[in-house]
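Visitor: from the sequence below, what's the structure:
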Amino acid sequence: MAVDKNMRVLIVEDYKTMLRILRNLLNQLGFKNIEEASDGSEALHKLKAAPFDLVIADWNMEPMTGFQLLKEVRADEKLKKMPFIMVTAESKTENVVAAKQAGVSNYIVKPFSTETLKAKLTSVLGPF
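Guide: Next up is the predicted model:
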């Protein structure tokens, strides 16, 4: 079954340029229903207010990091099954391990291409 390109995607990123890049890459891949949050606490509020189908979150943000957001999402009965992709500039093994243990669906290290994003999305959501 093909991925629904109308799915609701929440991008969580505190850096405006990276938000724009992620939005543009998702648009190139056919996703149009994209919302943004500038940190984990804003994202958590949006996730509790309305249904989303995927979260793509940066690791390093203030005051709530993407890692803290991931743990909150996985602890919430209504949100815990939601696909969650972590984006980070750091490829430290301990970060990858911590994210996996916390239940991240996949992990992308910056910088990345449209092909990388598509491959990670395919591994999480299935072919599209």
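Visitor: so which residues of this protein form strands?
Guide: Along the chain, counting by DSSP state E, strands occupy 9-12, 34-37, 54-58, 84-88, 106-109.
Visitor: quick one: the ones you listed as CSV, columns for mean pLDDT, distance to residue 123 and mean neighbour count too.
Guide: In this view, the C-beta of every residue, glycine as well, is placed from N, C-alpha and C. As requested, these are arranged in CSV below (pLDDT from 0 to 100; distance: least, C-beta to C-beta, whole Å; neighbours: other C-beta atoms under 10 Å):
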stretch, mean pLDDT, distance to residue 123, mean neighbour count
strand 9-12, 98, 16, 25
strand 34-37, 98, 20, 18
strand 54-58, 98, 12, 25
strand 84-88, 96, 9, 24
strand 106-109, 95, 6, 17
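Visitor: got TSV for those, with distance to residue 28 too?
Guide: TSV is the format used below for the strands of the chain (distance: least, C-beta to C-beta, whole Å):
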stretch	distance to residue 28
strand 9-12	13
strand 34-37	12
strand 54-58	14
strand 84-88	16
strand 106-109	15
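Visitor: pLDDT below threshold where in the protein?
Guide: Within the chain, the ranges that satisfy pLDDT under 70 run 1.
Visitor: report the central residue of the protein.
Guide: Residue closest to the mean C-alpha point of the chain, counted by C-alpha atoms, centre = their mean, is residue 56 at 1.1 Å.
Visitor: thought that residue was touching residue 8?
Guide: No: using C-beta atoms under 8 Å, residue 56 makes no contact with residue 8, being 11.8 Å away.
Visitor: thinking again about what came up before, which of the strands of the chain sits closest to residue 71?
Guide: Distances from residue 71 to each of the strands of the chain were compared using C-beta to C-beta; the minimum, 10.3 Å, belongs to strand 84-88.
Visitor: show me what the closest one is in contact with.
Guide: Residues external to strand 84-88 that are found in contact with it (C-beta atoms under 8 Å, 6 or more residues apart in numbering): 13, 18, 22, 54-60, 66-67, 70, 73-74, 95, 99, 103-110, 112, 120-121, 124.
Visitor: from residue 18, how far off is the residue nearest to residue 56 when sequence neighbours are not counted?
Guide: On the basis of C-beta to C-beta, 6 or more residues apart in numbering, the spatially nearest residue to residue 56 that is not a chain neighbour turns out to be residue 85, at 4.7 Å. Counting by C-beta to C-beta, to the nearest Å, the gap between residue 85 and residue 18 amounts to 14 Å.
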